[in-house]
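J.: Sequence plus predicted model, see below.
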Amino acid sequence: MTSKNFNKGNTNNWGGSWTNQKLDLFEKYVKAYITIMNKYGFWETIYFDGFAGSGEKGNVEKLELDLFSIEQNTVDDEELTVYQGAAERILKLEEPFKFNYYYFIEKDQNKAKMLKNKIKTIPNVDIDKCIIRADDSNQQLVKLAEVLKEKRNRYAALIFLDPFGMQLNWKDIEKLKGTRSDIWILIPSGIIVNRLLDKSQKLRHIKKLENFFGLKEEEILNIFYPKNHQSSLFEVEVESRSKVSNPINKITEIYVENLNKIWDYVTQRPLILKNSKGIPIFHFVFASNNRNARKIASEIIDKK
């Protein structure tokens, strides 16, 4: 693959500025990806959107995402307003920026129906190439991995995963190891994960954290609450723990390290998406088994 500049498509005004940043960047990569793949006639390309939504503007309450016990007033209204997925935007791309197959996964059946109706209104879309499944994204990822491994010389997939919360299970992402896949993942580093890593170290949602990171409780504690050793007045060594000074960066660092166990090339500097106060709420990271693919992704991120 080689890098090339591409024009932006139409941007929508849904969501915060971070939403448009994410979609602008992703669209640029899609154009680069398809341009290169079109040079190789033997690949059939798959676009896989694991959290496609309904194609309509929504908010976290309506999307019924996993905020757990986090108080609503700790999250800005700007952060709660979301436009999940890039279905409409990607399908509106004209030739030559077309995939052979499009898979849109949306767990909520009503939203899946709304998405299907939305797609039908988009001009120049072959609805027969659009597969919409009302199912859990993790289960569909496993099925995709099976197909990519079984037909490894036929299919190449571009995967887009942008959950607001922590619905992704690491053990299912691991199934993609060794496949011909490029992947973009939105990490809810500041808006969700850091809030679950509370200063009290209670970790009431430890199972969710374990599933998200693919780590055991003790490993999570040692990473985010390292031990401190101090001598008391009577020279007795006292052990305590305290939360790391920059937990949001640490969350992303650990996730990138894990991705590097599955894909050979991962962006070391993900796109940082911030709210209007300048606080990081998401990190958008890319992974591939192709060195030049990472180069293109990194160049697009650096230009944002």
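T.: Okay, I see it.
J.: alpha carbons only for contacts and neighbour counts from here, please
T.: OK.
J.: Tell me the buried residues in stretch 181-190?
T.: Ser181, Asp182, Ile183, Trp184, Ile185, Leu186, Ile187, Pro188, Ser189, Gly190 (16 or more other C-alpha atoms under 10 Å).
J.: what residues does it touch?
T.: By C-alpha atoms under 8 Å, 6 or more residues apart in numbering, the list of residues contacting stretch 181-190 from outside reads 156-166, 248-249, 251-252, 279-289, 293.
J.: Residue ranges in this protein under the pLDDT threshold?
T.: 1-18, 55-85, 229-239, 304 (pLDDT under 70).
J.: Strands of that one, start to end?
T.: Counting by DSSP state E, the chain has strands at residues 44-49, 58-59, 81-82, 101-105, 130-133, 155-161, 181-187, 227-231, 237-241, 265-266, 271-274, 280-288.
J.: quick one on the thing from earlier: would you mind listing which of the contacts of stretch 181-190 are buried?
T.: The buried subset of the contacts of stretch 181-190 - by 16+ other C-alpha under 10 Å - is 156-166, 248-249, 251-252, 280-289, 293.
J.: how about TSV for the strands of the chain, with distance to Arg89 added?
T.: What follows is these, written out as TSV (distance: least, C-alpha to C-alpha, whole Å):
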stretch	distance to Arg89
strand 44-49	12
strand 58-59	16
strand 81-82	15
strand 101-105	13
strand 130-133	14
strand 155-161	13
strand 181-187	16
strand 227-231	47
strand 237-241	46
strand 265-266	25
strand 271-274	19
strand 280-288	18
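J.: Of all those, which one comes closest to Leu197?
T.: strand 237-241 (13.0 Å; C-alpha to C-alpha).
J.: can you count the residues close to Asn258?
T.: Residues within reach of Asn258, counting by other C-alpha atoms under 10 Å, total 17.
J.: I'd like to know how far it sits from Ile173.
T.: 10 Å (C-alpha to C-alpha, to the nearest Å).
J.: what residue lies at the spatial centre of the chain?
T.: Ile185 (2.1 Å; C-alpha atoms, centre = their mean).
J.: Could you report the distance from the nearest residue to that residue once chain neighbours are set aside to Phe26?
T.: Spatial nearest neighbour of Ile185, excluding adjacent residues (C-alpha to C-alpha, 6 or more residues apart in numbering): Leu161 at 4.8 Å. For Leu161, the distance to Phe26 equals 11 Å [C-alpha to C-alpha].
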